[in-house]
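Undergrad: Here is a sequence together with a model predicted from it:
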Amino acid sequence: MAIILRGKSRCPLCGRLLLEGESLTALPAIADTAHPLYNFFDSGFHQGCFDEWDYRKEALEEARRDRQRWETSPEYQQSVAQFGKPGRHTNS
């Protein structure tokens, strides 16, 4: 999860500060440190900058693939078997 400090964090695409009242978006962290766009993940962006970014679709697709790899991993499956799916709570 990207941590965005409005007035302190910068958009990695334009370099300007991410300010209060601006429309923002973010990419999650990914595991593949060798991915050519790795440095853009776990970052916040101005929505307009992100929408116009030439690599937007590629980044979103990699985030989807990374999540899919995690959700099919033995570690995730074991955690789900033991604790249930994240975000789903049951009353005991």
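TA: Received the coordinates, thanks.
Undergrad: C-alpha from now on. contacts and neighbour counts both.
TA: Noted.
Undergrad: centroid residue for the chain?
TA: Central residue check for the chain by C-alpha atoms, centre = their mean: the C-alpha nearest the mean position is that of residue 28, 1.2 Å away.
Undergrad: you'd agree it is up against residue 43?
TA: Yes: taking contacts as C-alpha atoms under 8 Å, residue 28 lies within contact range of residue 43: 7.2 Å.
Undergrad: quick one: common contacting residues for the two?
TA: Contact criterion C-alpha atoms under 8 Å, 6 or more residues apart in numbering; residues shared by residue 28 and residue 43: residue 2.
Undergrad: Number of residues surrounding residue 77?
TA: 15 (other C-alpha atoms under 10 Å).
Undergrad: Tell me which residues are up against the lengthiest helix in the chain.
TA: Ordering each helix of the chain by length in residues (DSSP state H) puts helix 56-71 first. Residues outside helix 56-71 that contact it (C-alpha under 8 Å, 6+ apart): 27, 28, 29, 30, 31, 37, 50, 76, 77.
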